[in-house]
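Participant: using only what follows, build the 3D model:
(one chain, ligands or ions: 1)
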Amino acid sequence: MPAPKTLAVDFDGVIHAYVSPWTRPEEIHDPPVPGALTFLNLARERFEVVICSVRAETPEGREAIRTWLIEHIGNPEAGAWFRITHEKPKAVVYLDDRAWQFAGTFPSLDAIDAFRPWNRRG
Ligand SMILES: [Mg+2]
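Facilitator: Numbers count the residues shown, from 1 in each chain. The predicted model follows:
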């Protein structure tokens, strides 16, 4: 069987709701985005899911993400289900609230400047 494809999933704004202001990498204040845990559970059956976050730059930040996942998924084993990294991994898709899908045409700099993540619009 071939190795599963890798799906890279951003943490803040995709898994973690991230509606409270940023404080420290190891302080994760908000609940999951609705549907995030169900999605992760299904996705890990089919892909190697790598969770990406600047929080993971330090061991404390990585541990905070693991603890948050265990608490919200409600299973102590969930801490070992995902690779957690602050670096961009090799992946077939990057699921990210701050991504701009490039399809051959460069966006204007004004469009980039005006970009807001889905939960910070309007
Ligand atoms: Mg994000």
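
Participant: pretty sure Val14 sits in a strand.
Facilitator: No: under DSSP: H, G, I helix; E, B strand; the rest coil, Val14 falls outside any strand and is assigned coil.

Participant: residues touching it, list them.
Facilitator: Counting by Cβ atoms under 8 Å, 6 or more residues apart in numbering, Val14 touches 33, 36, 95-97. Bear in mind the C-beta positions are built from the backbone N, C-alpha and C, glycine included.

Participant: now it. Its backbone dihedrals?
Facilitator: Dihedral angles of Val14 (phi, psi; degrees, to the nearest 10) stand at phi -120, psi -50.

Participant: ok, it to Pro76 distance?
Facilitator: 23 Å (Cβ to Cβ, to the nearest Å).

Participant: coming back round to it: which ones among the contacts of Val14 also lie next to the ion?
Facilitator: Asp97 (Cβ under 5 Å from the ion).

Participant: pick the one among the contacts of Val14 closest to Ala114.
Facilitator: Closest approach to Ala114 among those (Cβ to Cβ): Asp97, at 15.4 Å.

Participant: Asn119 is in contact with that closest one, correct?
Facilitator: Yes: counting by Cβ atoms under 8 Å, Asp97 touches Asn119, with 7.2 Å between them.

Participant: what does stretch 36-45 rub up against?
Facilitator: Counting by Cβ under 8 Å, 6+ apart, 7, 9, 14-16, 49, 72-73, 81-82 sit against stretch 36-45.

Participant: tell me which of the contacts of Val14 is nearest to the ion?
Facilitator: Nearest to the ion out of the contacts of Val14 is Asp97 (Cβ to the ion; 4.4 Å).
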